[in-house]
Structure formats: C-alpha cells, structure tokens
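Q: Here is the input, now give the coordinates:
(one chain, ligands or ions: 1)
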Amino acid sequence: MKPYDTLIVGAGLFGAVCARRALDAGRRVLVIDRRDHIGGNVYTENVGGIQVHRYGAHIFHTNNETVWNYVNRYARFNRFTNSPVANYKGELYSLPFNMYTFNRMWGVVTPEEAARKIEEQRQAAGITEPRNLEEQAISLVGVDLYEKLIKGYTEKQWGRDCRELPASIIRRLPVRLTFDNNYFNARFQGIPEEGYTCLVQRLLEGAEIRLGVDYLPEKQKLDGLAESVIYSGPIDAYFGYVYGPLEYRTVRFETEDLPIPNFQGNAAVNYTDRETPWTRIIEHKWFTFGLDQEGKETEHTVISREFSAAWRPGDEPYYPVNDEKNAALYARYRDLAEKEEKVLFGGRLGEYQYYDMDQVIARALAAEL
Ligand code: UDP
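A: Here you go, the predicted structure:
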C-alpha cells in the first residue's frame, strides 16, 4: 500500500480546498509546494503588523453564497470594499467607471448626460459589435476614458495592443451610471483579517506538508507515494511543453517599507498612462484599514509597485493570456490531461484560466477527487 491516498501538488487555494475535502473524507494527504511557504499566490506575510500580499493584491469577492459560507468557516473576513483610484498624469479618477469618473472626465452631472456622452463617442467610433478590447472599451465608456484610463494600463499589463486582446478582459470591470465606487459587482466581499496564509493553513490542517519540493523533476518518485495526484501547476510544464509553451504574464514587485503612516491614502492606485513603468501601487495596510491584528494603527507603511512582463522560463506565471491562439494550444494540452487517469488538473495554472479566487474554490468544491 502506498503511504498516501492523495498527493497534492501546489499549496495554493485549489490545492488547499481539495486537500480539505480529501482529509474530511478520511484520506491520507501529502501536500507539496516548490516554494518555502504555503498559500500559492494568495500568500500574505506579516511585516510589522501589516499583512503584505506578497504576490499581488487579493480581494475576495463573490456572488456564490456556497463559496462565501465555505471560506467564512476558515477565516473571519473584514468589510473591505475595493475602490481603486486611477492616476493619469496626476489627474485622479474613481474606479470602476461610474458617475464620479464621468463627472471628472466630462463635467457631466446626471446619468442621462453621461449616457449621452458615451453613446455619442461610441457612434463616432462606428462600433456596433465590439470585436476586441479596444472596441469593447470604447463602446462601454467612450474614447476619452479609453485613452486615459484603459489604453496605457492595458498595454502595460498585457504587453500588446488593445486591438489584439479579447474583449472579455475589460468586461471584468463594471460600468455604472451611479455614484458607486465599489470595483466589484459581488454580493460578498472582504479580506481575511488574519491574512490569507492563515486561511490556507486552516484548510490544510491534518495534511502532511513538504515545502521546497519541486514536483516535475522528481515526478516518478513522488507519484510512487500516492494513489492519485491533484496538480495545480502550469499544465504545459506538466507535459514538458511538448506542443510549445502557453503564454503567461508575470509580475515583478518592488516593495518598500516606509517610515510614514500614509503613502497614498488607498489600497490601490492604478497608473494608467503608458509612460509610468509600473501598472499600480498597492499600499497593503489599507486592506485592513491601517490596523494591525490587535486593532492598533500602524506607524509605518508597506507599498509595492507592480511591473508586468512577458513570462519566460524561470519566472512565476501569474496571468494566462486567454486569446484564441493560446486557447487552441490549451485545448491540446487538455486532451492530454484527460488521458492522465489518476491526475486532476486545477487552478489558474492547471486549467489555464483567468480565475478569481472564488472561481478556483468553486472548481475545487465541484471536482471529482
Ligand atoms: N483595466 C484598465 N485600467 C484600469 C484597471 C483595469 O484598463 O485602471 C483593464 C486592464 O485591461 C486589466 C483589466 O481591466 O487587465 C482587468 O482588470 P482587473 O482589475 O480585473 O485585473 P487584475 O486585478 O486581475 O489584474
């Protein structure tokens, strides 16, 4: 008999929820991760009372009540609402696109005036059926806001022209004719008060965890330890890139701990012009309203500038590039994956999907383990 029933490769959200389910079903579970910590990209670490989102901002939001109830069993969530500010060459705009944004851009005051302005600009651009991100953006918010708040940011984020990107990326953002700065259309939203690492730790309670273990180079030996495998790493890497690599975007962070209490007054400020090399600056303390775990105000602040780049071997993959070319390539890898009887592929990298955290959890809860 093998020492474990289930080997879980990757201690991120997909792996952790699968681990929890397997443990609750009485299975013996081994979780491995290449990094020296659990949590995958939702990992947070305490830096002088501030929970730092080491791999980029993670704001939990969902319409799925089952998922919301599920995560609330393992962590207490605060009432954080994401309201990023866009900085275009020193002009500040509210996000997502709402009446404050339209007022700042055009001086319009009523929803009717804003709607008319957007419609005028859409018609002038001659767009009826948007075929790419640029056309979709112009038809949603008009050309002025596209130029100032979307074009530069998106080209930095994805490294290509907005006309070569799928419209779906921009449909992630709401457009509202109300004064509502909530970035997400979600019934439930918040940040785990003790950080995501703590949430993942609770999910993994009872599993054996081995950190700093790279699966693929030791695949045969590790596979020998368990009856089945749950793999949440990149699907193309699993198959040795036989059909060529899928495209990802990677992110590099420059993090600073500053001896001041307030750097930018908000958790996220997006730099939407093309010239500023970073896409956004995150000021981590505002995810918990400037308070540490004891509820005390912190005197310092930690900020991270975020730089986006094309993924190359050795980099961390963050975002799948879900365009047609990559979707076709992924379909070929998925066919291979379906033939791997004892392996379940999941998560952002295992399924090559731009999943949010709640979608990853929903997939893990629905998976046949
Ligand atoms: N976006 C933009 N300007 C902004 C914020 C977002 O043009 O100020 C576009 C950009 O193309 C981005 C997409 O909207 O890739 C989705 O943004 P979201 O905030 O959902 O991205 P994430 O937080 O997952 O990086």
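Q: same for the lengthiest helix in the chain, what does it pack against?
A: Using DSSP state H to define each element, the chain has its longest helix at helix 324-339. Where contact means 3 or more Cβ pairs under 8 Å, 6 or more residues apart in numbering; DSSP states H and E, helix 324-339 is packed against helix 235-238, strand 343-345. Placement of C-beta: from N, CA and C, glycine included.
Q: do that again at 6 Å, thanks
A: If contacts are counted by 3 or more Cβ pairs under 6 Å, 6 or more residues apart in numbering; DSSP states H and E, helix 324-339 sits against no helix or strand.
Q: now it: mean pLDDT?
A: Mean per-residue pLDDT for helix 324-339: 97.
Q: ok now that helix, how far from the chain's centre?
A: In terms of Cα atoms, centre = their mean, to the nearest Å, the centre of helix 324-339 is set 22 Å apart from its chain centre.
Q: buried set for it?
A: Under the neighbour-count criterion of 16 or more other Cβ atoms under 10 Å, helix 324-339 has 326, 329-330, 333, 337 buried.
Q: Can you tell me which of the residues you listed comes closest to the ligand?
A: Taking Cβ to the nearest ligand atom as the measure, the ligand sits nearest to residue 326 out of the buried residues of helix 324-339, at 15.4 Å.
Q: Hmm, the closest one is touching residue 248, no?
A: No. Residue 326 lies out of contact with residue 248 (Cβ atoms under 6 Å); the separation is 9.1 Å.
Q: out of the buried residues of helix 324-339, which touch the ligand?
A: Here nothing survives when the buried residues of helix 324-339 are matched to the ligand using Cβ under 6 Å from any ligand atom.
Q: The residue in the stretch 201-350 of the chain positioned nearest to the ligand: what secondary structure?
A: In the stretch 201-350 of the chain, the residue that lies nearest the ligand is residue 270 (3.7 Å; Cβ to the nearest ligand atom). Of the three states, residue 270 takes strand under DSSP: H, G, I helix; E, B strand; the rest coil.
Q: Compute the number of surrounding residues for it.
A: Neighbourhood size, residue 270 [other Cβ atoms under 10 Å]: 21.
Q: That one contacts residue 280, doesn't it?
A: Yes. Between residue 270 and residue 280 there is a contact at 4.6 Å, judged by Cβ under 6 Å.
Q: Perfect, I'm done here.
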